[in-house]
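*Asks:* when you get a sec, could you give me coordinates for this:
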Amino acid sequence: MLEDCQDARERWGGVSELIDRWLKSRQQLIVQYCGLANSPDFSQPEALYEQLASLCEQLLDYSSAGHFEVYEQLMNEALEFDDGGIEVANRVYPKISKTTQEMLAFNDLLEVSEQTEEDMRAMYARVSRLGEIMEERFELEDLLIENLHNAHSDQVA
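*Replies:* Residues are numbered from 1 along each chain as shown. Take a look at the predicted model:
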């Protein structure tokens, strides 16, 4: 039994650290979003464009880490423990993928935007919706973490 516990800790202990780093990245993303969402100065469209581009870069980095690092580890853990986590993941992943597509669409729209006051006003009109998408995604990710990782934390510890 002790060997099983040590094996689980070796196998899944790093997942907690990965999730912790990822959640810190999420926090930074939220801070950046909130700073951006507060009363933009449309008289400086180039600066606004740079802020939006920086947000998009961080958003895409965060999303990529989720898809290519965190979700993979969570799925491996769900497969190992085989306690219903796979079913949760199969319900949640398509919803997360939809938010990814919406985030990519926002990024793509920014890339074709001009650094003009008119285009920046149009982009900022979409920033609120981006916040809603982010909030939905974070709730779904938290559901995955709770059901695919935290449910096993006592067995890993």
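*Asks:* low-confidence ranges, this protein, go.
*Replies:* Applying pLDDT under 70 to the chain picks out residues 1-14, 150-157.
*Asks:* rerun at 80
*Replies:* 1-15, 37-39, 83, 149-157 (pLDDT under 80).
*Asks:* check the secondary structure at the closest residue to residue 75 other than its chain neighbours for me.
*Replies:* Closest residue in space to residue 75, ignoring its immediate chain neighbours: residue 89 at 5.9 Å, by Cβ to Cβ, 6 or more residues apart in numbering. Using the backbone N, CA and C atoms, a C-beta is placed for each residue, glycine as well. Three-state assignment for residue 89 (DSSP: H, G, I helix; E, B strand; the rest coil): helix.
*Asks:* and for residue 89, the neighbour number?
*Replies:* Using other Cβ atoms under 10 Å, residue 89 has 20 other residues around it.
*Asks:* got it, and the one 5 residues further on?
*Replies:* The burial metric for residue 94, expressed as a neighbour count using other Cβ under 10 Å, is 10.
*Asks:* before we move on, what about residue 101?
*Replies:* 11.
*Asks:* how about the host helix or strand of it: buried residues?
*Replies:* Using DSSP states H and E, residue 101 maps to helix 85-111. Within helix 85-111, the residues that qualify as buried are 85, 88-89, 92-93, 96, 99-100, 102-103, 106-107, 110, counting by 16 or more other Cβ atoms under 10 Å.
*Asks:* just after it, pick out the following helix or strand.
*Replies:* With secondary structure assigned by DSSP H and E, helix 85-111 is succeeded by helix 117-148.
*Asks:* how far does that following helix sit from its chain's centre?
*Replies:* Here helix 117-148 is found 9 Å from its chain centre; the criterion is Cα atoms, centre = their mean, to the nearest Å.
*Asks:* so what secondary structure elements neighbour it?
*Replies:* helix 2-37, helix 45-65, helix 71-81, helix 85-111 (3 or more Cβ pairs under 8 Å, 6 or more residues apart in numbering; DSSP states H and E).
*Asks:* by how many degrees do the third one and helix 117-148 diverge?
*Replies:* Going back to what we said before, that points to helix 71-81. Orientation check (axes from the mean of the first three to the mean of the last three Cα atoms, to 10 degrees): helix 71-81 against helix 117-148 gives 20 degrees.
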